[in-house]
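# I'd like to go over a predicted model; first the sequence, then the structure.
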Amino acid sequence: MAKVKTVFICQECGYESPKWMGRCPGCQNWNTLVEETIRPASSVLGQTAGPVSKPSRLTDVILEEEPRIKTEMAELNRVLGGGVVPASLTLVGGDPGIGKSTLLLQTSDQLARTGHRILYISGEESVRQTKMRATRLGVSSENLYVLAETDIRQIENHIEQVHPEIMVIDSIQTIYNSDLSSAPGSISQVKECTAYLLRLAKQRGIAVFIVGHVTKNGALAGPRTLEHMVDTVLYFEGERHHTFRILRAVKNRFGSTNEMGVFEMKEGGLVEVANPSEIFLQERAKGAAGSAVTASIEGTRPLLVEVQALVTPTSFGNPRRMAAGLDNHRVSLLMAVLEKRVGLLLQNQDAYVNVAGGVKLDEPAVDLATAISIASSFNNQPTKVSDVFIGEIGLTGEVRRVSRIEQRVNEASKLGFTRIFIPQKNLEGWSSPKGVTLIGVESLTQAIKMALGSEKELNEPDFFPSDF
């Protein structure tokens, strides 16, 4: 009989240690090492044994287009790369109460009504509790089977009876393998159960969706290898006090990464938003200083959002710099460029920057709109409601070229914007849509003068004096 071995595994990053330590050397977190028992190697080999495979020449492999199962939600199909791929494993993560179970239950009902057999496994709710939620959402399909089970061995037995095409596991932290002595939700259990589900998906051709909990930092709970094992990783984002939810793909072996779908949470469940740009801009205040519109690219979709800034004199020794929806360090960098290259005296000003609608932007093309909104609030001078600002800002104050400028401009044109500020280098090689004026800018100072200054001020070299 093999000797039982115990190790201490960090529940945050998966670091293994032969002895307990108060602080994990891997992630530097305190009191995260938990003792777990390593099962004998013979049992591992017995479980992983499967059909014998043989290597094939790459030239002999026949390439066939992978069939996809379409859902009734176009936003979900876009994020998945065109639909659900059979024999795939998809991980869905998000904050508690954000709507992960609601999304998967609605999707299961839609697929079941089109003739597909679905098995929805809940480890956190009983069958009656799942039925209560299904009644509220209007879910009542005969091809949708519900099971309350947490033992991975019993789940496999039920798969033999039901023969589902699509299976949902809610959530992976509640599923356990009885061969392991560790508690459900531990690093060992999450890794082993995910690997078990991966083998089931590939061998039986079942598309599996698993729900994963997230930590207080917003990352998926468990080891980083969990994201490497699955085919697709989806994050369900949004503020619980806002109705809009964003489904974002950060990994997809069958489609584009960083794809995004927008939903709205209503009483009857999630409803997809066909034109999110119009929704995010419909409450924009006209004539308000500190507001600028930009066009961001999320996956394959252009998205118009409003960047808001509030600059006020500080009451403390060190001014505050706060950002919601943008990188806080990037905002501090842009404020330093505004002070050094443009001449705005911001060292004694508090700055609060926000992206309206709860959207998170992480591309440099929104730099120009962020800087314009800060300058607009500082000067208490609003931008025109028909203006859109697109461009990356360098440390010397230059406005740099951005990618996919045609898609951004066309999206702004559809929503009625007539004046678009873009980098001068992006003007080359194409023509603007009808009714749209493209303004090429080479520096941040030029952009601010043209967006906020009058015709008289444009000709004055001291528009931004040193004591501004």
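Here it is on my side, so go on. Numbering: from 1, shown residues only.
# mind jotting down where the helices sit in the stretch 251-400 of the chain?
Ranges of helices within the stretch 251-400 of the chain are 276-281, 328-337, 367-379, based on DSSP state H, counting those that start in this stretch.
# using PDB, write down the CA coordinates of the shortest one.
So the one you mean is helix 276-281. Taking Å, rounded to 0.1, in the frame of the first residue of the first chain, the C-alpha atoms of helix 276-281 are listed here in PDB:
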ATOM      1  CA  PRO A 276     -25.000  49.400 -25.800                       C
ATOM      2  CA  SER A 277     -23.400  52.700 -27.100                       C
ATOM      3  CA  GLU A 278     -26.800  54.400 -27.200                       C
ATOM      4  CA  ILE A 279     -27.700  53.100 -23.800                       C
ATOM      5  CA  PHE A 280     -24.500  54.300 -22.200                       C
ATOM      6  CA  LEU A 281     -24.900  57.800 -23.700                       C
END
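# packing partners of it?
Judged by 3 or more CB pairs under 8 Å, 6 or more residues apart in numbering; DSSP states H and E, helix 276-281 is in contact with strand 260-266, strand 301-313. (Glycine included, C-beta is placed from N, CA and C.)
# can you redo these as CSV with mean pLDDT and mean neighbour count?
Below are the helices and strands packed on helix 276-281 laid out as CSV (pLDDT from 0 to 100; neighbours: other CB atoms under 10 Å):
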stretch, mean pLDDT, mean neighbour count
strand 260-266, 88, 20
strand 301-313, 93, 20
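# can you list those in JSON lines and add distance to Leu147?
Listed next are these as JSON lines, based on distance: least, CB to CB, whole Å:
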{"stretch": "strand 260-266", "distance to Leu147": "26"}
{"stretch": "strand 301-313", "distance to Leu147": "36"}
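# who wins for proximity to Leu361 among the ones you listed?
strand 301-313 (6.9 Å; CB to CB).
# that closest one pairs with which strands, parallel or anti?
The strands beside strand 301-313 in its sheet (DSSP bridges) come out as strand 291-298 (antiparallel), strand 349-355 (antiparallel).
# now do that strand: distance to the chain's middle.
Relative to its chain's centre, strand 301-313 lies at 19 Å (CA atoms, centre = their mean, to the nearest Å).
# and stretch 236-247, by the same measure?
11 Å.
# so Val262 sits right up against Val273, yeah?
Yes - with contact defined as CB atoms under 8 Å, Val262 counts as touching Val273 (4.2 Å).
# need the residues touching each of these two.
Residues touching both Val262 and Val273 (CB atoms under 8 Å, 6 or more residues apart in numbering) are 75, 244, 279.
# who wins for most neighbours among those?
Glu75 (22 neighbours; other CB atoms under 10 Å).
# contact partners for that residue?
Contacts of Glu75 (CB under 8 Å, 6+ apart): 247, 261-263, 272-273.
# how about it, secondary structure?
Applying DSSP: H, G, I helix; E, B strand; the rest coil to Glu75 yields a three-state assignment of helix.
# please apply the same query to the one 3 residues further on.
Recorded secondary structure, Arg78: helix (three-state DSSP).
# look up how far Asp362 lies from it.
According to CB to CB, to the nearest Å, Arg78 and Asp362 sit 19 Å apart.
# please apply the same query to Gln347.
Taking CB to CB, one finds Gln347 at 27 Å from Asp362.
# neighbour count for Arg78 and Asp362, which is higher?
Arg78 (21 against 12).
# hmm, Gly26 is touching Tyr15, no?
Yes - counting by CB under 8 Å, Gly26 touches Tyr15, with 3.4 Å between them.
# neighbour-wise, which of these two wins?
Tyr15 (19 against 15).
# need the contact list for that one.
So Tyr15 contacts 9, 24-27, 33 (CB under 8 Å, 6+ apart).
# please redo it, this time with the cut-off set to 7 Å
24-27 (CB atoms under 7 Å, 6 or more residues apart in numbering).
# how about Pro184?
Here Pro184 is in contact with 150, 173-176 (criterion: CB under 7 Å, 6+ apart).
# so what does it look like in phi/psi?
Main-chain torsions, Pro184, degrees, to the nearest 10: phi -60, psi 140.
# domain-wise, how is this structure divided?
5-41, 69-274, 279-456 (automatic domain parsing).
# least confident of the helices of the stretch 251-400 of the chain, on average?
Sorting those by mean pLDDT places helix 276-281 lowest, at a mean of 85.
# buried residues, it. List them.
276-277, 280-281 (16 or more other CB atoms under 10 Å).
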